[in-house]
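>>> below are the sequence and a predicted model for it; my questions follow.
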Amino acid sequence: MKIADIRGLTPDQLAETLISLKKEQFNLRFQAATGQVEKTHRVNEIRKDIARIKTVLRAKAAA
């Protein structure tokens, strides 16, 4: 996700996206543990997207 896309979302939408990304991250961790991950780069992408969303949520809460 691009930061411009994330900033355009409402806090509720950000929270929903964060939950879905965390579920995907959990599933990828299990796949990695069993050696079934096909897209290994996706793990890092998800981690960075979660950080971006948390940053924007924090900024919106402070404002």
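Good, I have the coordinates.
>>> apart from its chain neighbours, what residue comes closest to the residue positioned nearest the centre of the chain?
Centroid-nearest residue in the chain: residue 50, 3.1 Å away (criterion: C-alpha atoms, centre = their mean). Distances taken as C-beta to C-beta, 6 or more residues apart in numbering put residue 21 closest to residue 50, at 5.3 Å, once the chain neighbours are dropped. C-beta: built from backbone N, CA, C; applies to glycine.
>>> next, that neighbour: secondary structure please.
Recorded secondary structure, residue 21: helix (DSSP: H, G, I helix; E, B strand; the rest coil).
>>> you'd agree it is up against residue 53?
Yes. Between residue 21 and residue 53 a contact is recorded at 7.2 Å, counting by C-beta atoms under 8 Å.
>>> more neighbours: those two, which one.
Neighbour totals were compared for residue 21 and residue 53, and residue 53 leads with 21 against 18 (other C-beta atoms under 10 Å).
>>> now the phi/psi pair for the more buried one, please.
phi -60, psi -40 (degrees, to the nearest 10).
>>> what sits against it?
1, 6, 14, 17-18, 21 (C-beta atoms under 8 Å, 6 or more residues apart in numbering).
>>> restricted to buried residues, select those residues in ChimeraX.
Buried members of the contacts of residue 53, defined by 16 or more other C-beta atoms under 10 Å, are picked up in ChimeraX with:
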select :6,14,17,18,21
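>>> tell me which of the contacts of residue 53 fall in helices.
Using DSSP state H, the members of the contacts of residue 53 that fall in helices are 6, 14, 17-18, 21.
>>> now the one helix or strand residue 4 maps to: buried residues?
Using DSSP states H and E, residue 4 falls within helix 3-7. In terms of neighbour count (16+ other C-beta under 10 Å), helix 3-7 has its buried residues at residue 6.
>>> pLDDT of that helix, averaged?
When pLDDT is averaged over helix 3-7, the result is 94.
>>> for stretch 55-63, same thing?
94.
>>> tell me the contacts of the residue nearest to the centre of the chain?
18, 21-22, 25.
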